[in-house]
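Novice: Quick check, what structure comes out for this input:
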Amino acid sequence: MPRHSKRFRALIQQTKALGTVPLAEGVKVLKGFNTTKFNQTVELSTHLGIDPRQSDQNVRGSVSLPHGIGKDVRVAVFAQGENAEKAREAGADIVGADDLAQQIKSGVMDFDVALATPDMMGIVGPLGRVLGPRGLMPSPRSGTVTTDVATAVREFKAGKIEFRNDKGGNVAVPVGKLNFSEEQLLENINAFLAHLRGLKPAASKGTYIQTITISATMSPGVRVSA
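Specialist: Numbers count the residues shown, from 1 in each chain. Below you'll find the model as predicted:
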């Protein structure tokens, strides 16, 4: 079992003593953990009051954050003909059809987001076993299967994020970098939470967003209320 550094253990004790704090205070505390030599990614994790075993309670979608996520997002697009040209002009990093499918089957997946036009799903469908577990399978629900590939490419390159709950009913997403201002992080987090609340399944009963935790790459989580 890996041992945490002295620094990390001290931060864990600090967050335990805090308990659950307001979001603005939690962001301030998290930014105080910025003691590493690299710019850490800030992640928001939520535990939802859903039953992931029920298909009508699963949560999936995509949302554009006001300040992006501070990362160069590599976008792959399954398209051909005019749509392929539009995707390239919009800034897609990889564009293809059968050739892209073969590349993925060989284990090469040098991208963060995969988009597809509806007519490409015959090629994309069989890749579900490879792309699905990595959260990269294009889906109409998440806005990654679309006829308007140019707009989709630009949105995801600008910081639009895709998300889905895991088997435990948790949703985790990047919401920026630790060098973002407190205001930028707050606006990104609130934008995501507002979108997530709007996706509450009708079949979900009781408290929908049960816990919210923010953390950075090299920090423990800070439990927040929002």
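Novice: Every contact and neighbour count from this point should use C-alpha atoms.
Specialist: Fine.
Novice: pull the CA atoms of the helix ranked longest in the chain into PDB?
Specialist: Across the chain, the longest stretch assigned as helix under DSSP state H is helix 182-197. The C-alpha coordinates for helix 182-197 follow below in PDB (Å, rounded to 0.1, in the frame of the first residue of the first chain):
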ATOM      1  CA  GLU A 182     -11.000  31.700  -6.800                       C
ATOM      2  CA  GLU A 183     -13.700  33.500  -8.900                       C
ATOM      3  CA  GLN A 184     -12.900  31.400 -12.000                       C
ATOM      4  CA  LEU A 185     -13.000  28.100 -10.000                       C
ATOM      5  CA  LEU A 186     -16.300  29.100  -8.300                       C
ATOM      6  CA  GLU A 187     -17.900  30.100 -11.600                       C
ATOM      7  CA  ASN A 188     -16.800  26.800 -13.200                       C
ATOM      8  CA  ILE A 189     -18.000  24.700 -10.300                       C
ATOM      9  CA  ASN A 190     -21.300  26.500 -10.000                       C
ATOM     10  CA  ALA A 191     -21.900  26.200 -13.700                       C
ATOM     11  CA  PHE A 192     -21.300  22.400 -13.500                       C
ATOM     12  CA  LEU A 193     -23.500  21.900 -10.400                       C
ATOM     13  CA  ALA A 194     -26.400  23.900 -12.000                       C
ATOM     14  CA  HIS A 195     -26.200  21.700 -15.100                       C
ATOM     15  CA  LEU A 196     -26.000  18.500 -13.000                       C
ATOM     16  CA  ARG A 197     -29.000  19.500 -10.900                       C
END
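Novice: From here on, call the first residue 487.
Specialist: Done: numbering now begins at 487, and the last item shifts to helix 668-683.
Novice: Name the next helix or strand downstream of that helix, please.
Specialist: strand 695-702 (DSSP states H and E).
Novice: list the buried ones in that following strand?
Specialist: Neighbour-count burial for strand 695-702 flags Ile695, Thr697, Ile698, Thr699, Ile700, Ser701, Ala702 (criterion: 16 or more other CA atoms under 10 Å).
Novice: all strands for the chain, in order.
Specialist: 507-508, 527-534, 546-550, 561-564, 580-582, 599-602, 646-650, 656-663, 695-702, 708-711 (DSSP state E).
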